[in-house]
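Engineer: Got a sequence here, can you build the structure:
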Amino acid sequence: MKEYLYKLEMKTRDYECDIQGVVNNANYIHYLEATRHEWLVSTGISFRKWHEEGIETMVSEINIKYKASLHGQEEFISCLNLHRDGPRFIFDQDIYRKSDMRLCVSAQVSTICVIDGRVTRGDEVLPYLGKFLENA
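Structural biologist: So this is what the prediction gives:
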């Protein structure tokens with residue numbers, strides 16, 4: 001496993017599985033989002049505070065590569081790194097099955113910052129995220 005800014009251990013739930021007995025593809029998006037939110041909370045960053053300041057951050061694009069399936073009641077590790085590309089803050093996220101450390105999902109999640117309904121360069125969140133950026 002490569003180095004990551006943040007790792008979160010989770011466990012799949014039986015109801016997330018499809019008729020084939022594997023976690024339905026849409027649930028991985030929830031795992032990725034939960035990881036980003038838990039990471040932000042762990043650093044003291046609050047979406048609510050940003051919202052109250054008029055700063056909205058949102059996902060603009062998700063690219064997921066499914067490598068191996070998770071099944072019900074399996075433990076996994078969801079990991080992330082962060083970098084910036086112009087106005088986008090990009091989360092490089094991977095999910096590993098804990099039992100054999102097999103890579104199950106690799107994703108890039110692009111986020112943007114919006115102020116007063118307009119996309120910005122994202123400088124408003126840089127004071128919060130800058131110290132976590134690769135090569136910052």
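
Engineer: and residue 28, that's in a helix?
Structural biologist: Yes. Residue 28 forms part of a helix when assessed by DSSP: H, G, I helix; E, B strand; the rest coil.

Engineer: tell me the contacts of it?
Structural biologist: 64, 66, 95, 104, 105, 107 (CB atoms under 8 Å, 6 or more residues apart in numbering). From N, CA and C alone the C-beta is placed, and that goes for glycine too.

Engineer: Now the buried members of those residues.
Structural biologist: Buried subset of the contacts of residue 28 (neighbour count, 16 or more other CB atoms under 10 Å): 64, 95, 104, 105, 107.

Engineer: Local confidence estimate at the residue of the chain most remote from its centre?
Structural biologist: In terms of distance from the mean C-alpha position of the chain, residue 19 ranks first, at 26.5 Å (CA atoms, centre = their mean). With respect to pLDDT, residue 19 scores 93.

Engineer: Could you report the distance from it to residue 28?
Structural biologist: 17 Å (CB to CB, to the nearest Å).

Engineer: Span of stretch 110-124 from start to end?
Structural biologist: 16 Å (CA to CA, to the nearest Å).

Engineer: Can you list the buried residues in that stretch?
Structural biologist: Buried, per 16+ other CB under 10 Å, within stretch 110-124: 110, 111, 112, 113, 114, 122, 124.

Engineer: between those, which is nearest residue 37?
Structural biologist: Within these, proximity to residue 37 (CB to CB) peaks at residue 111, which comes in at 11.9 Å.
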